[in-house]
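Trainee: Fold the following and give me the result.
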Amino acid sequence: MSYRVATISRMYTERSRPAHAPSSPAPAITPSSAPVSAAAGLREHLLPELALLDARLIATLDSDVALVRSIAEYIVSAGGKRLRPVLVFLSAQALGTDSRSPLIVDLAATIELIHTATLLHDDVVDESDLRRGRATANAQFGNAASVLVGDFLYSRAFQVMVGTGQMRVLELLSEATNRIAEGEVMQLMALGNLDLTEADYMRVIEAKTAKLFEAAGALGAIASGADAKTERALSEYARRLGVAFQIADDVLDYRGDADTLGKSLGDDLAEGKLTLPIIMALQRGTPAGKALVREVLATPHAIDPRQFREVLDVLESCGALDDSLEKARTEAMAAAAEIAHLPDTMAKKWMLELCGYAVKRNA
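Mentor: Reported below is the predicted structural model:
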């Protein structure tokens with residue numbers, strides 16, 4: 001396929017784009033204590049941008065191959081938080097750039113395509129059968145089809161990137177994609193390694209999760225023509241936010257609600273993943289508690305409710321879950337500090353809200 005997709009979709013978004021209202025001065029900036037309402041409020045704030053993003057994704061994922069089309073439609077319709085494109089939109093808004101411009105929408109779509117491709121591949125590697133409350137693409141269509149369509153999403157993402165005509169965007173996202181792949185391999189190598197350290201864990205999540213967050217923050221700055229200092233601040237804000245989100249996700253795998261999360265609790269445990277709560281428990285738990293956790297992790301398998309409750313008791317009793325959340329809060333606070341110098345706009349308000357939402361959410 002040629003680069004006509006980018007041109008056609010850009011024409012479409014130009015026709016459908018509503019008039020842009022500049023960000024207005026924000027009220028007092030304080031992270032919300034109600035994560036659900038914060039998420040709903042942010043979605044409402046970005047409703048036009050998210051509609052343009054969906055239209056761009058639909059146009060970009062069109063294919064003459066029926067199976068590609070079916071799987072692409074299946075995963076896009078699953079929705080999700082769209083956090084990475086949200087960061088592209090907000091970082092652009094924070095710098096006074098039109099967040100509904102074709103360039104910003106293209107960058108947001110590229111980030112979402114890369115992220116979705118990683119999810120397709122992750123679910124195959126992890127043998128996951130549930131995501132966002134419904135069957136994963138690999139459970140629905142098979143592993144081979146999911147891997148190949150994941151490759152298709154990567155290639156489409158790079159076509160959209162090329163269409164922007166910005167070498168800096170290509171440099172940033174090709175490096176991020178490479179680093180994400182390295183992070184996934186690092187995580188695979190770490191499975192069942194009971195000697196994994198907190199530093200090892202941080203290296204994995206910095207690569208596989210935080211790197212794409214970091215790129216999303218930087219893209220808004222690049223599209224806005226910001227100086228290097230501002231780009232670094234926004235990318236660092238997003239990177240730290242990504243770390244906070246991942247640590248909180250790892251806590252939710254034990255404390256969350258399965259229906260709200262849209263996946264089974266204890267999946268990380270069943271897959272033999274040593275996340276931060278487990279690493280802390282192996283460092284500070286009682287001898288009996290450590291032995292129990294080691295025994296469960298020794299052979300990845302389906303975890304029965306009794307085993308899960310026993311491991312959860314160990315994590316709670318030694319403070320591993322609370323301390324993991326505290327580390328997530330520390331990262332979120334550091335993220336907020338990175339953008340303190342930005343003008344007080346609605347975009348900045350929502351960026352700060354995300355810092356609170358990262359650690360207070362239940363899904």
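Trainee: Off-centre distance for stretch 308-325?
Mentor: 24 Å (Cα atoms, centre = their mean, to the nearest Å).
Trainee: Residues touching that stretch, excluding its own?
Mentor: 247-248, 250-251, 254-255, 265-266, 269, 276-278, 280-281, 284-286, 289-290, 292-293, 296, 303, 359 (Cβ atoms under 8 Å, 6 or more residues apart in numbering). All C-beta spots, glycine's among them, are computed from the backbone N, C-alpha and C.
Trainee: Tell me the buried residues in that stretch?
Mentor: Going by neighbour count (16 or more other Cβ atoms under 10 Å), the buried part of stretch 308-325 is Phe308, Glu310, Val311, Leu312, Val314, Leu315, Cys318, Ala320, Leu321, Asp323, Ser324, Leu325.
Trainee: separation between the last one and Asp250?
Mentor: What that stands for is Leu325. According to Cβ to Cβ, to the nearest Å, Leu325 stands 10 Å off from Asp250.
Trainee: Which secondary structure elements does the longest helix along the chain sit against?
Mentor: Assignment by DSSP state H gives helix 228-255 as the longest helix of the chain. With contacts taken as 3 or more Cβ pairs under 8 Å, 6 or more residues apart in numbering; DSSP states H and E, helix 228-255 sits against helix 83-94, helix 198-205, helix 211-223, helix 267-270, helix 276-284, helix 305-317, helix 320-338, helix 346-360.
Trainee: how about CSV for those, with distance to Ala137 and mean pLDDT added?
Mentor: CSV is the format used below for the helices and strands packed on helix 228-255 (distance: least, Cβ to Cβ, whole Å; pLDDT from 0 to 100):
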stretch, distance to Ala137, mean pLDDT
helix 83-94, 19, 97
helix 198-205, 23, 96
helix 211-223, 19, 97
helix 267-270, 17, 82
helix 276-284, 28, 96
helix 305-317, 26, 92
helix 320-338, 29, 97
helix 346-360, 26, 94
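Trainee: Met189: which of these is closest?
Mentor: With Cβ to Cβ as the measure, helix 198-205 is the member of the helices and strands packed on helix 228-255 nearest Met189 (9.3 Å).
Trainee: show me where pLDDT drops low in the chain?
Mentor: Within the chain, the segments meeting pLDDT under 70 span 1-36, 130-133, 258-264, 300-302, 363.
Trainee: how about CSV for the helices and strands packed on helix 228-255, with distance to Leu234 added?
Mentor: Formatted as CSV, these follow (distance: least, Cβ to Cβ, whole Å):
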stretch, distance to Leu234
helix 83-94, 5
helix 198-205, 20
helix 211-223, 4
helix 267-270, 30
helix 276-284, 26
helix 305-317, 34
helix 320-338, 8
helix 346-360, 9
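Trainee: Those helices: which one's closest to Ala181?
Mentor: Among the helices and strands packed on helix 228-255, helix 211-223 comes nearest to Ala181, with 10.1 Å by Cβ to Cβ.
Trainee: That closest one versus helix 346-360: what angle between them?
Mentor: Relative orientation of helix 211-223 versus helix 346-360 (axes from the mean of the first three to the mean of the last three Cα atoms, to 10 degrees): 180 degrees.
Trainee: pull the CA atoms of helix 211-223 into PDB?
Mentor: The C-alpha trace of helix 211-223 is given here as PDB (Å, rounded to 0.1, in the frame of the first residue of the first chain):
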ATOM      1  CA  LYS A 211       9.300   4.000  27.000                       C
ATOM      2  CA  LEU A 212       6.200   4.400  24.900                       C
ATOM      3  CA  PHE A 213       4.700   6.800  27.500                       C
ATOM      4  CA  GLU A 214       7.900   8.800  27.200                       C
ATOM      5  CA  ALA A 215       7.600   8.900  23.500                       C
ATOM      6  CA  ALA A 216       4.000  10.100  23.700                       C
ATOM      7  CA  GLY A 217       4.900  13.000  25.800                       C
ATOM      8  CA  ALA A 218       7.800  14.000  23.600                       C
ATOM      9  CA  LEU A 219       5.700  13.800  20.400                       C
ATOM     10  CA  GLY A 220       3.400  16.600  21.500                       C
ATOM     11  CA  ALA A 221       6.400  18.800  22.200                       C
ATOM     12  CA  ILE A 222       8.000  17.900  18.900                       C
ATOM     13  CA  ALA A 223       4.800  18.700  16.900                       C
END
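Trainee: for that helix, packing partners?
Mentor: Applying 3+ Cβ pairs under 8 Å, 6+ apart, we find helix 211-223 packed against helix 83-94, helix 102-126, helix 167-190, helix 228-255.
Trainee: any idea which of the ones you listed is most buried?
Mentor: helix 83-94 (a mean of 28; mean count of other Cβ atoms under 10 Å).
Trainee: In a strand, Gly96, correct?
Mentor: No: judged by DSSP: H, G, I helix; E, B strand; the rest coil, Gly96 forms no part of a strand; its state is coil.
Trainee: Could you check how many residues crowd around it?
Mentor: Counted by other Cβ atoms under 10 Å, the residues lying close to Gly96 total 13.
Trainee: what's the answer for Asp64, then?
Mentor: Using other Cβ under 10 Å, Asp64 is surrounded by 7 other residues.
Trainee: So it: helix, strand or coil?
Mentor: Going by three-state DSSP: Asp64 is coil.
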